[in-house]
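Student: structure here, sequence nowhere to be found:
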């Protein structure tokens, strides 16, 4: 039922409402208090960051380094309240919002200042990173060993901070000249005396803070790194040619191939895709010709890509003995397309590989994003703070 409108004298009666008087003095007092607490929290965060930096240096090498430093900051946050009381700051109506603002100011000041302090130029806590390979890991006499390394440091490194030595099977220590440009170390060992056996090498990289990283490894020379088993006369398109390549050629997959009369590469499949030592081919691939006498040289290519670097580093093992084959009168000889390598680009585009792709994957360029570190903790804390503030505002609206 609709209410009756007030008429006459009732409508002229003034409403019983008065605008509250603005307490200017109380407002200024509160704002000064808030500025003072904010400033104190900021200075205390800077002080704790300096103290925690000292713990950071003392805890070098500790597995729980970040966690322990964070614990120091969290535990000591209780001193904020005592500082406010010591400075005679009136906290009667400070409330949750005031305390939250003070602790968030303290924590993020601590985080930002500490991150600055634990990084150059104030502190260098990281030794150089050295990623080195010897290609191939096992070579035949007459072949070379390519040494390649990616050497980086958060401050910087130069050629003068790198030493490299090779110890041959006779115990002789060599200190060869190498190149170092754009963080890439290169050196090719010739083995002029054709020594057989195991060689050891050591690389040491030091930065401007004299922090050092040592990398050691070994390689070897052997007369039978590659071995071929096949009949040499009257080869048919279906006759298997078995190639054994020592798995120590590389820790990664390596490509086995051969050349007919110094022609183009003819790639070879593995007999078993999971066995990196045994490979099998036939005379059905292009390059072979029927009713011919041909010379075949066998190879294995070891390659490596450093992370976030598209440059290919590779070296080959050439079998010291070439083989001579005579082929039969077989119309299927030399009819099949040669095998191609697995294509990383096609895989990235979700395209199928070609029908004549090798049954094993050779190394290809790879990349990796930045590794999350302490900034993850900051992100989580910031996210929790935002959620808390949003919920608090929502609760205020509902009340």
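Tutor: That came through, no problem. What you see is a predicted model, and the numbers here were worked out from it, not measured in a lab.

Student: the helices in the stretch 201-350 of the chain, which residues?
Tutor: 344-348 (DSSP state H, counting those that start in this stretch).

Student: biggest strand in this protein by residues?
Tutor: strand 293-304 (DSSP state E).

Student: contact partners of it?
Tutor: By Cβ atoms under 8 Å, 6 or more residues apart in numbering, the list of residues contacting strand 293-304 from outside reads 133, 135-137, 148, 225-226, 228, 243, 245, 249-250, 252, 254-262, 265, 288, 312-319, 322-327, 362-363. Yep, even glycine has a C-beta here, placed from its N, CA and C like the rest.

Student: do the same with stretch 195-209
Tutor: By Cβ under 8 Å, 6+ apart, stretch 195-209 touches 124, 127-128, 130, 132, 134, 141, 145, 147, 149, 151, 153, 155-157, 161-170, 185, 189, 212-223.

Student: drop anything exposed from those residues.
Tutor: Buried residues within those, counting neighbours by 16 or more other Cβ atoms under 10 Å: 124, 127-128, 130, 132, 134, 145, 147, 149, 151, 153, 157, 161-162, 164, 166, 168, 185, 189, 213, 215, 219-222.

Student: residue 195: which element?
Tutor: Assigned by DSSP states H and E, residue 195 belongs to no helix or strand.

Student: tell me, how many residues neighbour it?
Tutor: For residue 195, the neighbour count with other Cβ atoms under 10 Å is 14.

Student: and residue 213, how far from residue 308?
Tutor: Separation of residue 213 from residue 308 (Cβ to Cβ, to the nearest Å): 19 Å.

Student: can you check residue 208 too?
Tutor: With Cβ to Cβ as the criterion, residue 208 and residue 308 are 23 Å apart.

Student: residue 192 now?
Tutor: Taking Cβ to Cβ as the measure, residue 192 falls 36 Å from residue 308.

Student: okay, strands next: where are they in the stretch 101-250 of the chain?
Tutor: For the stretch 101-250 of the chain, applying DSSP state E, counting those that start in this stretch gives strands covering 129-135, 138-139, 145-152, 162-167, 173-174, 179-181, 184-189, 197-206, 212-221, 226-229, 241-245.

Student: quick one, the fourth one and strand 129-135 angle?
Tutor: Our comparison of strand 162-167 with strand 129-135, counting by axes from the mean of the first three to the mean of the last three Cα atoms, to 10 degrees, yields an angle of 30 degrees.

Student: ok now strand 162-167, how far from the chain's centre?
Tutor: 26 Å (Cα atoms, centre = their mean, to the nearest Å).

Student: parallel or antiparallel, list what pairs with it.
Tutor: Each strand paired with strand 162-167, and its direction, by DSSP bridges: strand 173-174 (antiparallel), strand 197-206 (antiparallel).

Student: show me the shaky parts of the protein.
Tutor: Applying pLDDT under 70 to the chain flags residues 1-24, 26, 368-399.

Student: and it, what are its domain boundaries?
Tutor: Listed by automatic domain parsing, the domain ranges of the chain are 26-123, 129-348.

Student: highest mean neighbour count out of those?
Tutor: domain 129-348 (a mean of 17; mean count of other Cβ atoms under 10 Å).

Student: from the chain's centroid, how far away is it?
Tutor: In terms of Cα atoms, centre = their mean, the centre of domain 129-348 is found 25 Å from the chain centre.

Student: can you measure across that domain, start residue to end residue?
Tutor: 29 Å (Cα to Cα, to the nearest Å).

Student: likewise stretch 313-330?
Tutor: Taking Cα to Cα as the criterion, the two ends of stretch 313-330 lie 40 Å apart.

Student: please state the offset of the helix or strand hosting residue 31 from the chain centre?
Tutor: Element membership for residue 31 (DSSP H and E) is helix 24-58. From the chain centre to the centre of helix 24-58 is a distance of 38 Å (Cα atoms, centre = their mean).

Student: after that helix, which helix or strand is next? Please name it.
Tutor: helix 65-75.

Student: output the contacting helices and strands for that following helix.
Tutor: helix 24-58, helix 95-117 (3 or more Cβ pairs under 8 Å, 6 or more residues apart in numbering; DSSP states H and E).

Student: adding distance to residue 303, write those helices out as a markdown table.
Tutor: Putting the helices and strands packed on helix 65-75 into a markdown table (distance: least, Cβ to Cβ, whole Å) gives the following:
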| stretch | distance to residue 303 |
| --- | --- |
| helix 24-58 | 41 |
| helix 95-117 | 39 |
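
Student: to residue 176, which of those lies closest?
Tutor: Residue 176 sits nearest to helix 24-58 of all the helices and strands packed on helix 65-75, at 37.9 Å, using Cβ to Cβ.

Student: between the closest one and helix 65-75, how many degrees?
Tutor: 150 degrees.

Student: what angle separates helix 24-58 from helix 95-117?
Tutor: Using the same axes, to 10 degrees: helix 24-58 against helix 95-117 is 40 degrees.
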